[in-house]
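J.: Let's see this in three dimensions:
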Amino acid sequence: MSKAMRAPLPERALRVVVIVVALVLAVGPVLYGAVLAIRPFSAVLNAPLDLFPGPSEWDFSAFGTAIRDEADGGFGLGRFIRNSLLLALGTVVASLAVSVLGAYAAARLRYKGRGVVNGIILSVYLLPGIVLAVPLFVMLSRVGLTGNLAGLLIVYVSTTVPVAIYMVRNYFIALPESVEEAAIIDGCSLPVMLWRVVLPIAAPGVAATAIYVFMIAWNEYLFALLFLVQKRELWTAPLGLSQLTEISVPVTVLLAGSIIVTVPVVVLFFIFQRFLVSGLTTGAEK
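T.: All right, here's what the predicted structure looks like:
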């Protein structure tokens, strides 16, 4: 019998109570917002605490209003989500392409000052975004890369590469070097070994890093505001969502927009869930 089953009844009851309270505090506001989003705005004003509206009260028009372009009477959130999706996916691809190589070098190469270099890589990520905002804006403005998605992509890659290298490096360190040595003995070159041996084993770590980088790029607000404030058609989802906080916007539209913006991250998590829960080196050594 497990230790949890042998615990006294009061202790088990307390655990259940704590878990239930934590779930209510974490999930409750989200479910409440979802309920408000599918109700007419007039019904929300009259009975904001009605948590169980009947099917006749359901109204999904707030989602359409949030997504439609301004010319069609909406708030353009659909276009902003497309911009964020392009930026986030581009950031993931570019950051991982650089980070995998840099992380492998940081994990396997032996050179003087290695610890200092690794510390510098991490310290760059620890700097507040506002500290880097002005230098990055000045540098990119001089080469004409402000006010477009390409410049913002460069910013996102430069700010996510340090943490991506640090995360992937830790996964590479955990890998057994005997696997790499066996691949080299079999005649694999370094690029082939990295692509066909190391990356498949480290897939859970790379997937976790990809999700983290995606979330950073998807939710980033400061740099997007600084670089795209004058280009409304290029706004990202956080910028588009911020406009819904104006007092003239119905709360149902704000909540609908918040749910829509959250969906891509949730979907991405479920797609890569099996990679996140699988072992790093399962079946690697025979």
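
J.: separation between residue 82 and residue 244?
T.: 17 Å (Cβ to Cβ, to the nearest Å). Using the backbone N, CA and C atoms, a C-beta is placed for each residue, glycine as well.

J.: hey, where'd the helices end up in the stretch 151-286 of the chain?
T.: Using DSSP state H, counting those that start in this stretch, the helices of the stretch 151-286 of the chain run over 177-185, 190-193, 199-201, 203-219, 222-228, 237-243, 251-271, 273-277.

J.: The longest one: which residues count as buried?
T.: By 16 or more other Cβ atoms under 10 Å, the buried positions in helix 251-271 come out as 251-261, 264, 268.

J.: try the second one
T.: Neighbour-count burial for helix 190-193, counted by 16+ other Cβ under 10 Å, picks out residue 193.

J.: Show residues contacting it.
T.: With Cβ atoms under 8 Å, 6 or more residues apart in numbering as the test, helix 190-193 has contacts from 180, 183-184.

J.: which stretches of the protein have low pLDDT?
T.: Along the chain, the model assigns pLDDT under 70 to residues 1-7, 275-286.

J.: quick one, domains of it?
T.: 3-59, 78-245+266-277 (automatic domain parsing).

J.: Just want the most central residue of the chain.
T.: residue 215 (1.2 Å; Cα atoms, centre = their mean).

J.: my guess is residue 87 meets residue 151, correct?
T.: No - taking Cβ atoms under 8 Å as the definition, residue 87 is not a contact partner of residue 151, at 10.8 Å.

J.: Produce a PyMOL select command limited to the buried residues of the contacts of helix 190-193.
T.: Buried residues among these (16+ other Cβ under 10 Å), as a PyMOL selection:
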select buried, resi 180+183
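
J.: which helix in this structure runs the most residues?
T.: Longest helix in the chain by number of residues (criterion: DSSP state H): helix 77-108.

J.: quick one on the thing from earlier: do you know how far the residue nearest to the centre of the chain is from residue 102?
T.: 21 Å.

J.: would you list the contacts of helix 190-193 in JSON lines and tack on distance to residue 13?
T.: What follows is these, written out as JSON lines (distance: Cβ to Cβ, whole Å):
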{"residue": "180", "distance to residue 13": "51"}
{"residue": "183", "distance to residue 13": "53"}
{"residue": "184", "distance to residue 13": "57"}
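
J.: Just give me the closest of the contacts of helix 190-193 to residue 273.
T.: Within the contacts of helix 190-193, the smallest distance to residue 273 is 27.9 Å, found for residue 180 (Cβ to Cβ).

J.: now that closest one, nearest residue through space, not along the chain?
T.: residue 193 (6.0 Å; Cβ to Cβ, 6 or more residues apart in numbering).

J.: separation between the one you found and residue 96?
T.: Counting by Cβ to Cβ, the gap from residue 193 to residue 96 is 18 Å.

J.: just residue 197 next, same as before
T.: 17 Å.

J.: Please apply the same query to residue 201.
T.: 16 Å.

J.: Next: residue 256.
T.: In terms of Cβ to Cβ, residue 256 sits 32 Å off from residue 96.
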